[in-house]
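[1] sharing a sequence plus its predicted fold:
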Amino acid sequence: MSAELERGLQAIEMMSKAPRGLTFTDIATGLGTSKGPTHRLIGELARLGYVRIDEFGRYHLTLKLTSHALQYLELIPLVDLAGPLLEDLAVASGELARLNLVDGNHLVRVSKAQGRQSGLKYDPLHVHGGNIPLASTASGLLLLSGLSDDEAAMRLQAEGFSRPGEYGPAAPRSMEEALVILHRARTAGYLYLPNIYEDGIAALAYPIRAAGGKDIVGILTVSGPSFRFTEQAAQKVLPVMQKIADELGRIPVADMLGSYVPRQVA
């Protein structure tokens, strides 16, 4: 990969994590480049429509990249079919239902449906896009449960564990704690975890497997306040999740995200 392209992608990744924008110095420091190359890089990204500058001189991503990503997601059969099924899951649970897809070694949020019509709603900002932390979410740990202990340990070591206070208090801080959860998930075939991604929030995760295969290609989740979305409430939702996961897994192209064959645009 050329150095210019690599720096451009790094700059985009940096700005994607900075909703308030970045200064020129922020970008140059993050990239480890001098003033001249940084100016040329930002200027080129702005010319192509991916970056804008606000009245305070801070740089932001435009919605062009988001538009391309959403357009691509709309062409993936699994995401397309999941829409009404997620709505069914949200209604059945009365909580937030989400679809996460496997993308290489990562798990990515791609779709959601809200089932709570009144009262306290759980609906965090970071629902679409972004890699899901494997060690600090029910969906991430369920994905790892589909691997051997050695493979899961390698992935966990590569990503690392969260720091105290970074995620929920139940997030594992060591390999031993994580493996206990993985073994439980393998036995049950799903994973219910309160207080892992956020304190006071519980999540139920269920795998989507391609028909005739064992590999997990996606994860369905239902999340809500733990005082309301108890383990007993989660048990009532499980049959609905299993039915939806089976239906999504029957799509012939249900494989890793990068190998989907998208529909043709009419």
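    In hand now; what should we look at? Numbering: from 1, shown residues only.
[2] what helix or strand does the nearest residue to I181 once chain neighbours are set aside sit in?
    Leaving aside its chain neighbours, I181 sits nearest to L141 (5.2 Å; criterion: CB to CB, 6 or more residues apart in numbering). Bear in mind the C-beta positions are built from the backbone N, C-alpha and C, glycine included. When elements are assigned from DSSP states H and E, L141 belongs to helix 138-145.
[3] got the buried residues for the helix or strand that that helix is followed by?
    Sequence order places helix 149-159 as the next helix or strand after helix 138-145, per DSSP H and E. Using 16 or more other CB atoms under 10 Å as the test for burial, helix 149-159 gives A152, A153, L156, E159.
[4] follow-up on the earlier one: now the residue nearest to I181: how far from H39?
    44 Å (CB to CB, to the nearest Å).
[5] compare those two (neighbour count), which wins?
    L141 (28 against 14; other CB atoms under 10 Å).
[6] check contacts around that one.
    Going by CB atoms under 8 Å, 6 or more residues apart in numbering, L141 touches L134, A135, P172, A178, I181, L182, A185, L191, L193, I196, A205.
[7] just the buried residues of the residues you listed.
    L134, A135, P172, A178, I181, L182, A185, L191, L193, I196, A205.
[8] start to end distance for stretch 115-134?
    End-to-end span of stretch 115-134 (CA to CA, to the nearest Å): 25 Å.
[9] show residues contacting it.
    16, 66, 69, 89-98, 100, 106-112, 114, 139-141, 143-144, 155-156, 159, 162, 167, 197-198, 201, 223-225, 228.
[10] buried subset of those residues as a ChimeraX selection?
    Selection of the buried residues among these in ChimeraX, burial being defined by 16+ other CB under 10 Å:
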select :89,90,92,93,94,95,96,97,98,100,106,107,108,109,110,111,112,114,139,140,141,143,144,156,159,162,167,197,198,201,223,224,225
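[11] quick one: which of the contacts of stretch 115-134 sit in strands?
    Among those, the members found in strands (DSSP state E) are 96-98, 100, 106-112, 114, 201, 223-225.
[12] which two in the residues you listed are spaced the farthest apart?
    Distance extremes for the ones in strands among the contacts of stretch 115-134: the farthest pair is H106 and P225 at 27.5 Å, using CB to CB.
[13] would you map out the domains in the protein?
    Per the record, the chain has its domains at 3-62, 72-259, by automatic domain parsing.
[14] distance of the residue nearest to M15 when sequence neighbours are not counted from F229?
    Once flanking residues are discounted, M15 sits nearest to L61: 4.7 Å by CB to CB, 6+ apart. From L61 across to F229, the span is 34 Å (CB to CB).
[15] of the two, who's got more company?
    Neighbours were counted for L61 and for F229 using other CB under 10 Å; F229 has more, 24 against 21.
[16] so that one sits against L193, correct?
    No - applying CB atoms under 8 Å, one finds F229 not in contact with L193, separated by 11.1 Å.
[17] okay, and the common contacts of the two?
    Counting by CB under 8 Å, 6+ apart, the shared contacts of F229 and L193 are A202.
[18] returning to that earlier point: between the ones in strands among the contacts of stretch 115-134, which is nearest V51?
    Comparing the ones in strands among the contacts of stretch 115-134 against V51 with CB to CB places V108 closest, at 22.7 Å.
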